[in-house]
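1. here are the coordinates; sequence isn't available:
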């Protein structure tokens, strides 16, 4: 039983969509204010360093509420969450997201949605995947009840779970943005908590084409007819042995802007440094220019190395979904099988 539910009796906490219109980045930035180590590997030196800095609670007032939490008795944080949840579900879950471990938040958030949807009808649990990251989520669907499980409602829920998975992937998801290209139905060969073995790709859902992407209706569920249920029936036909894989590609425009940020910052620094040194302190122009460009080169180099480091870690720790050729992990597995 999830952590919060053990202290709420038979009543699940009130739950809402914490990521309306796909706005998960605000939650990520809010979490980073309290957890500077968010998104880094627990084995890395930057994680240890930032965790040590965050432990200085006099410097991070919000971290005063962070403590070792027992699963046997409610802590002050948990009691505050329960009180906030009763009066303002959005504020309660925002507090929970920021101050509790991300795995604990995910577990309770999924369970709260499961219990809430169960009061309306049959709930189907299905695996959704981004690369090697898997999450088993509840979707409301009953083939014998046409009043529930419309495509519009299903895509709204799936989009919420997609945002949660992006949030869970950490800081690299912020600085290395990607765009969703398509949604594939894949075979599930085996699934245990934290690990899912995938088989071949079964089909690609046509959800409305916009340019090179095939997810127009997924990104804007309001475009779908209110009573339509065809896509939901296909997606949830065999949830125990089939899952949904979000196939993505690099967002070239956003990545280009992020890559240019160190260069733009260095140019602004050069202009300001020369103007201040020469105009206010009377430093020789040649000396000021040499110093400014030396620092600017360092800024550009450091920025490029940081971006390259995150890209390297992202690709070697199971976060890379597709390459510039837009091939998913399923595509690559199929190529290996065909080659054999």
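-> Arrived safely. Please read all numbers here as calculations on a predicted model, not as lab measurements. Numbering: from 1, shown residues only.
2. Once you drop chain neighbours, what's closest to residue 242?
-> Excluding its sequence neighbours, the residue lying closest to residue 242 (C-beta to C-beta, 6 or more residues apart in numbering) is residue 185, at 5.6 Å. C-beta here means a position set from N, CA and C on the backbone, and glycine is covered the same way.
3. So that neighbour lies in a strand, does it not?
-> Yes. According to DSSP: H, G, I helix; E, B strand; the rest coil, residue 185 belongs to a strand.
4. residue contacts, it?
-> The neighbourhood of residue 185, defined by C-beta atoms under 8 Å, 6 or more residues apart in numbering, consists of 201, 202, 203, 204, 205, 234, 235, 242, 243, 244, 245.
5. Now which of those would you call buried?
-> 201, 204, 205, 235, 242, 243, 244, 245 (16 or more other C-beta atoms under 10 Å).
6. separation between the residue lying closest to the third one once chain neighbours are set aside and residue 250?
-> Among residues not flanking residue 205 along the chain, residue 183 sits closest, at 5.0 Å (C-beta to C-beta, 6+ apart). Distance of residue 183 to residue 250, given as C-beta to C-beta, to the nearest Å: 18 Å.
7. Likewise for residue 186?
-> Counting by C-beta to C-beta, the gap from residue 186 to residue 250 is 21 Å.
8. Looking at these two, which has the bigger crowd around it?
-> Between residue 186 and residue 250, residue 186 has the larger neighbour count (other C-beta atoms under 10 Å), namely 23 against 19.
9. Report the contact partners of the more buried one.
-> Per C-beta under 8 Å, 6+ apart, neighbours of residue 186: 129, 198, 199, 200, 201, 202, 242, 243, 244, 245, 330.
10. Looking at those residues, which is nearest residue 302?
-> Among these, residue 129 lies closest to residue 302 (C-beta to C-beta), at 34.5 Å.
11. Tell me if I am right that the closest one is in a helix.
-> No. Applying three-state DSSP, one finds residue 129 to be strand, outside a helix.
12. which stretch of helix or strand covers the residue lying closest to it once chain neighbours are set aside?
-> Excluding the flanking residues, the one nearest residue 129 by C-beta to C-beta, 6+ apart is residue 245, at 4.6 Å. Residue 245 belongs to strand 242-250 when assigned by DSSP states H and E.
13. can you check residue 200 too?
-> Assigned by DSSP H and E, residue 200 falls in strand 195-204.
14. Between strand 242-250 and that strand, find me the angle.
-> 80 degrees (axes from the mean of the first three to the mean of the last three C-alpha atoms, to 10 degrees).
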